[in-house]
Each structure stands twice: as C-alpha cells, then as structure tokens.
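In: here is a sequence with its predicted model. Questions after.
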Amino acid sequence: MTLATPGIHHVTSIVGDPQRDIDFYTTVLGLRLLKVTVNFDRPETYHLYFGDQHGTPGTILTTFPWPGDRQGTIGTGQITTTSFAIPEGSTGYWLERLMQHRVATHGPFRRFDEQVVRFQDPDGLVCELVSRPSETTTNVRNGTVEQTQAIIGFSGVTLASRQPERTAEVLTDLLGFRHMGESDRINRFVAGTSMLGSIVDLVVDAEGTQGTEGPGTVHHVAFRTRDDAEQLEWREQLIAAGMHVTEVRDRSYFKSIYFREPGGILFEIATDPPGFTLDEPLDQLATGIRLPPWYEDRRGEIEPGLKSIQLPSGITVP
Ligand code: ZN
C-alpha cells in the first residue's frame with residue numbers, strides 16, 4: 001500500500017425538509033451553512049453543505065433534502081452514526097443546549113475512554129457528540145455557540161457492514177487506516193495524525209435488517225485525498241484491488257470517485273481543493289443558490305422547482 005487517507009472529507013446524509021435541516025444544523029448545532037447548490041445528479045433538489053467557518057475537510061456535513069421521499073431505515077450496509085467532536089469539558093453545555101431545543105439525548109456514556117452523547121436530528125439521523133481534548137477550532141460564526149464549546153468537526157462515523165471482515169480489509173489495506181482495538185463490539189480504525197474526522201468505528205457483527213435509502217439515513221462517507229493526481233492513483237489502486245470505481249466526477253468544490261465497499265457501504269474519495277470559495281468569497285458563503293457552469297443556463301427552469309428557504313443570512317431563495 002502506498003496511499004493513506006488523512007481521514008474523512010465529508011459525510012452526506014439524506015433528509016426531508018431543507019428549511020428544517022438548515023435550522024437544526026445552524027441554529028441548534030451551530031455549524032455554518034457553507035453552500036446552497038443543487039444535487040448534480042438530481043438538479044431538481046438541493047444539496048446543502050455545512051461545516052466550520054472555512055469549510056475545512058473533516059468538518060463538512062452535506063445533506064440531500066428529498067422532501068416527500070419515503071423515509072429510509074437505518075440498518076446494515078450503511079453508515080449508522082455520524083459523530084462530531086466537541087471540546088473536552090463542554091458535554092454539560094451541550095446536554096443543556098439540546099434539552100432547550102427539545103432534542104432527546106442518550107448518555108453521556110463512555111466508549112474507548114471517550115465521553116459520548118447521542119441524539120437524533122429532526123429526520124432521525126443518529127448523531128453523537130464526542131468529547132475531545134481541544135484542537136484548533138476555526139468555527140463558528142452564525143450560531144450562538146461559544147467558540148470554546150463549538151463543534152470542532154467530525155470525530156468519525158460508525159459503519160454497520162454486511163461483511164465486517166472485508167470492510168476492515170478495505171479500511172486497512174486500501175485506505176490506510178490503522179486498527180486501534182476493539183471495545184463493546186466495535187472495532188476502531190484510525191487514519192492520519194489529525195484528530196479531525198480520523199475515526200471509523202466498525203460494528204463487529206452487525207445484525208438486523210438491511211438499511212434502506214431515504215430521508216433519515218446517511219448516503220455515503222468521503223475520505224480525503226490531496227489533489228487530482230493523487231486521486232487518480234487512488235483510482236488505480238482501488239481498481240487493482242477489484243473495486244468497481246466510478247470515473248472522476250466534478251463536484252465543483254472537490255472532485256470525487258465512488259465505490260461500494262464489499263459490506264454494502266458507499267465510499268467516496270474527494271480532493272481537498274478547490275473548496276467553497278471557488279464561486280463565493282469566504283464572508284459571503286451561502287448567500288444564494290450556486291449552480292455549476294453546466295447548469296447555469298438552466299437556472300430559470302431549476303429554481304422554480306426548488307422549495308423556498310430562508311438562509312442564515314436572512315436572504316430567502318430562490
Ligand atoms: Zn460526497
């Protein structure tokens with residue numbers, strides 16, 4: 001193995017109503033809305049991006065709001081939990097904050113010697129806040145969360161693979177994760193040297209029914225790569241290992257390749273550049289609907305089909 005990812009680039013979940021989604025992740029969790037665009041594969045729907053102030057890889061949660069779609073079910077072959085890192089000592093603050101917003105919490109409990117609080121977002125996605133010794137925090141501007149308590153970025157994700165042994169091999173042999181141990185039926189894998197988005201927890205023996213795609217489920221997890229050239233190397237390496245990998249797809253703010261690992265979970269490898277300032281200045285991110293050049297001439301037919309939403313800036317689009 002020659003390549004190793006430094007960790008998670010982004011996590012993408014399917015949700016229902018876009019306004020409810022924006023309100024929860026900005027107002028309750030204090031993330032910054034980074035970009036409002038459309039799903040490039042389904043341009044009649046939004047694609048929303050949240051994260052820290054700069055949209056740093058490892059902090060980026062993206063959502064596909066598909067209002068009216070049949071609710072998904074969380075199960076095997078999926079990412080079951082998205083975990084955010086919070087500064088050590090802020091757990092009490094978050095328990096109080098979530099309670100004030102009428103979000104039911106479970107915990108705190110300990111896992112791998114870390115303090116964890118679990119809750120669900122309004123669509124039923126399972127999220128966690130994991131207490132971590134503070135790293136550099138670069139967020140948060142538009143929320144009401146104090147800098148010292150704010151979400152740092154991802155801690156990691158939990159996978160319920162249908163073939164855990166083979167998923168473990170993909171993580172270690174192809175993506176460069178290191179196995180850190182087992183606790184409470186979870187095998188923990190760690191990437192890179194940063195604490196940001198570096199953890200993948202793999203359920204040892206995921207039981208139960210297969211998950212179904214829809215609002216309330218995670219669509220995929222993306223892992224970081226440095227640039228376009230390295231992404232092509234990744235692609236060759238994955239193909240050589242027998243994975244069915246897509247062509248490189250231009251997602252404007254990064255480039256992507258996708259493959260479904262043997263346990264049924266959709267993995268992506270995404271480039272760090274160019275990032276969210278490609279088409280808006282940093283202090284004006286998410287102040288309008290941004291379309292890629294190949295959809296810009298269809299703006300007049302796309303926008304009327306999108307639900308009206310109010311952005312944190314107060315602007316209503318479309
Ligand atoms: Zn993605």
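Out: That came through fine. Residues are numbered from 1 along each chain as shown.

In: what pLDDT does the residue in the stretch 1-150 of the chain positioned nearest to the ion get?
Out: Of all residues in the stretch 1-150 of the chain, Thr12 sits closest to the ion, at 4.5 Å by Cβ to the ion. The way it works is simple: take the backbone N, C-alpha and C, and place the C-beta from them, glycine included. As predicted, Thr12 sits at a pLDDT of 98.

In: part of a strand, is it?
Out: Yes: assessed by DSSP: H, G, I helix; E, B strand; the rest coil, Thr12 belongs to a strand.

In: can I assume it is in contact with His220?
Out: Yes: the pair Thr12 / His220 is scored as a contact, 5.4 Å apart, by Cβ atoms under 8 Å.

In: who has more neighbours out of those two?
Out: The neighbour count for Thr12 versus His220, taken as other Cβ atoms under 10 Å, is higher for Thr12 (22 against 18).

In: and the more buried one, what are its bridge partners?
Out: Thr62, His220 (DSSP bridges).

In: quick one, what contacts it?
Out: Thr12 sits next to Leu61, Thr62, Thr63, Phe64, Val218, His219, His220, Val221, Ala222 when contact means Cβ atoms under 8 Å, 6 or more residues apart in numbering.

In: of the residues you listed, closest to Ser256?
Out: For the contacts of Thr12, the closest approach to Ser256 (Cβ to Cβ) belongs to Ala222, at 6.9 Å.

In: what is the neighbour count of the closest one?
Out: There are 26 residues near Ala222, going by other Cβ under 10 Å.

In: quick one: low-confidence parts of the stretch 101-250 of the chain?
Out: Applying pLDDT under 70 to the stretch 101-250 of the chain flags the ranges 134-143.

In: flag every residue of it that's near the ion.
Out: Ala222 (Cβ under 5 Å from the ion).

In: which residue ranges of the stretch 101-250 of the chain form helices?
Out: Assigned by DSSP state H, counting those that start in this stretch, the stretch 101-250 of the chain shows helices spanning 164-169, 228-240.

In: buried residues, the first one. List them.
Out: Going back to what we said before, that points to helix 164-169. Residues of helix 164-169 classed as buried: Pro164, Thr167, Ala168 (neighbour count, 16 or more other Cβ atoms under 10 Å).

In: distance to Ser83 added to those, as TSV?
Out: Below are these laid out as TSV (distance: Cβ to Cβ, whole Å):
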residue	distance to Ser83
Pro164	18
Thr167	18
Ala168	19
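
In: dump the helices of the stretch 101-250 of the chain to a markdown table, plus distance to Leu48.
Out: Output for the helices of the stretch 101-250 of the chain, formatted as a markdown table (distance: least, Cβ to Cβ, whole Å):
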| stretch | distance to Leu48 |
| --- | --- |
| helix 164-169 | 28 |
| helix 228-240 | 24 |
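
In: contacts only, for Asn187.
Out: Pro164, Ala168, His179, Gly181, Asp201, Leu202, Val204.

In: can you name the residues bridging to it?
Out: Those that pair with Asn187 in a beta bridge, by DSSP bridges, are Glu182, Leu202.

In: any idea how far Glu169 is from the nearest residue to Leu171 once chain neighbours are set aside?
Out: Using Cβ to Cβ, 6 or more residues apart in numbering and skipping residues adjacent in sequence, the residue nearest Leu171 is Phe177, 4.2 Å away. Distance of Phe177 to Glu169, given as Cβ to Cβ, to the nearest Å: 10 Å.

In: how close does the closest residue to Gly55 other than its chain neighbours get to Phe154?
Out: Residue nearest to Gly55 in three dimensions, not counting chain neighbours: Phe276, with 4.1 Å by Cβ to Cβ, 6+ apart. Per Cβ to Cβ, Phe276 is found 17 Å from Phe154.

In: neighbour count: the two, which is higher?
Out: Phe154 (28 against 22).

In: mind listing what the closest residue to the more buried one other than its chain neighbours touches?
Out: Among residues not flanking Phe154 along the chain, Gly197 sits closest, at 3.9 Å (Cβ to Cβ, 6+ apart). Residues in contact with Gly197, defined by Cβ under 8 Å, 6+ apart, are Gly7, Ile8, His9, Pro57, Gly58, Thr59, Gly153, Phe154, Ser155, Gly156, Arg224.

In: out of the residues you listed, which sit inside strands?
Out: Ile8, His9, Gly153, Phe154, Ser155, Gly156, Arg224 (DSSP state E).

In: sort out which one of these lies nearest the ion for me.
Out: Set against the ion, the nearest of those by Cβ to the ion is His9 (7.7 Å).

In: surely Gly77 is in contact with Glu261?
Out: No: between Gly77 and Glu261 there is no contact under Cβ under 8 Å: 9.7 Å.
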